[in-house]
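Peer 1: for reference, the sequence and a predicted model appear below.
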Amino acid sequence: MRLLRGTLPADVRSALALERGERVLAAAPTRGGSHVAATTTALHLPTPSGGFTRIPWERVDHATWKDGWLHVHETSGGPEHHVRLTAPGSVPETVRERVTATIAVSHQAQLPGGKVRIAARRPASGGDVRWTFVFDAGMDPSDPGLRAQAEQALEDLRRQTGL
């Protein structure tokens, strides 16, 4: 899956500030006149100032495509991004494939008062897995007791998976 170089305007390509070896796989114009670019290692979303926010694939908790809008939620309570694409092309499919490819383990653990999703994600650029917790709504992730229980569930999962 490789984007032809001519389909992304040169000014947009230079504004992306791609890392060494990073390649654009899919791109789509936005309603605001900019572009979204899905690369081998990250999703690049336009900012109001005319630049781009670079979100490595392992930091995308989930992304959805609905009614012409790409909704991206970052891990660990990071920001949400909502971008209107005028001609999505293969961007939604590429985002889904790239996010899914980073998931090494995803597990739900029952805790008092709800569940926590524990995920191990591998950076597209290589390196060690990164573990994240996503607590059910209404649970306080800063509660030391709850956090200790989640950490114990993580240790059990690490022993089971060898990660």
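Peer 2: Cool, the structure landed. Numbers count the residues shown, from 1 in each chain.
Peer 1: how about the contacts made by Ala124?
Peer 2: Thr40, Thr41, Ala42, Pro56, Trp57, Glu58, Arg98, Ala101, Thr102 (CB atoms under 8 Å, 6 or more residues apart in numbering). C-beta here means a position set from N, CA and C on the backbone, and glycine is covered the same way.
Peer 1: inside helices: which ones of those residues?
Peer 2: Secondary structure defined by DSSP state H assigns Arg98, Ala101, Thr102 of the contacts of Ala124 to helices.
Peer 1: quick revisit: which of the contacts of Ala124 sits closest to Lys66?
Peer 2: Checking those against Lys66 by CB to CB gives Arg98 as the nearest, at 18.6 Å.
Peer 1: the closest one: neighbouring residues, count only.
Peer 2: Arg98 has 24 neighbours, counted by other CB atoms under 10 Å.
Peer 1: for the closest residue to it other than its chain neighbours, give its distance to Pro112.
Peer 2: Nearest non-adjacent residue to Arg98, counting by CB to CB, 6 or more residues apart in numbering: Trp57, 4.7 Å away. The gap separating Trp57 from Pro112 is 33 Å, by CB to CB, to the nearest Å.
Peer 1: the more surrounded of the two?
Peer 2: Trp57 (25 against 8).
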